[in-house]
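Peer 1: okay, sequence plus prediction incoming.
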Amino acid sequence: MTSVAIASLALSLGLGLMILLCVFRIVLTWYPQIDLTQMPFKLVALPTEPFLAPTRKIVKPFGGVDISPIIWVGIFSLLRELLLGQQGLLTMLTY
């Protein structure tokens, strides 16, 4: 495997994991009584909170609903498509 292929695989797994964790955070916002400092919810909160906290300062909750995880699902999906999609930058480098 070339270094570009290894980087593509690692980036694909990382971005895919972040999308999945943000989707879990969207579901967890439906249950405000859940304590995100307790296991197993802490496994979802720790990697996503550095992205979500600054976004909450810019985009305030809309109607009491935190939309920052939805924004980050879109950003991570866009990055994954631009870099690793069918005509992505890293995909083009492998050919």
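Peer 2: Alright, I've got the coordinates. Numbers count the residues shown, from 1 in each chain.

Peer 1: buried stuff in stretch 2-19?
Peer 2: 7, 8, 11, 15, 18, 19 (16 or more other CB atoms under 10 Å). (C-beta placed from N, C-alpha, C; glycine too.)

Peer 1: and those residues, which two are furthest apart?
Peer 2: Greatest spacing in the buried residues of stretch 2-19, by CB to CB: 7 and 19 (18.3 Å).

Peer 1: you'd agree residue 15 is up against residue 78?
Peer 2: No. At 9.9 Å, residue 15 and residue 78 do not qualify as touching, with contact defined as CB atoms under 8 Å.

Peer 1: shared neighbours, those two?
Peer 2: With contacts taken as CB atoms under 8 Å, 6 or more residues apart in numbering, residue 15 and residue 78 have no neighbour in common.

Peer 1: least confident secondary structure element in this structure?
Peer 2: Lowest on mean pLDDT, DSSP states H and E among the helices and strands of the chain sits helix 89-93, with a mean of 82.
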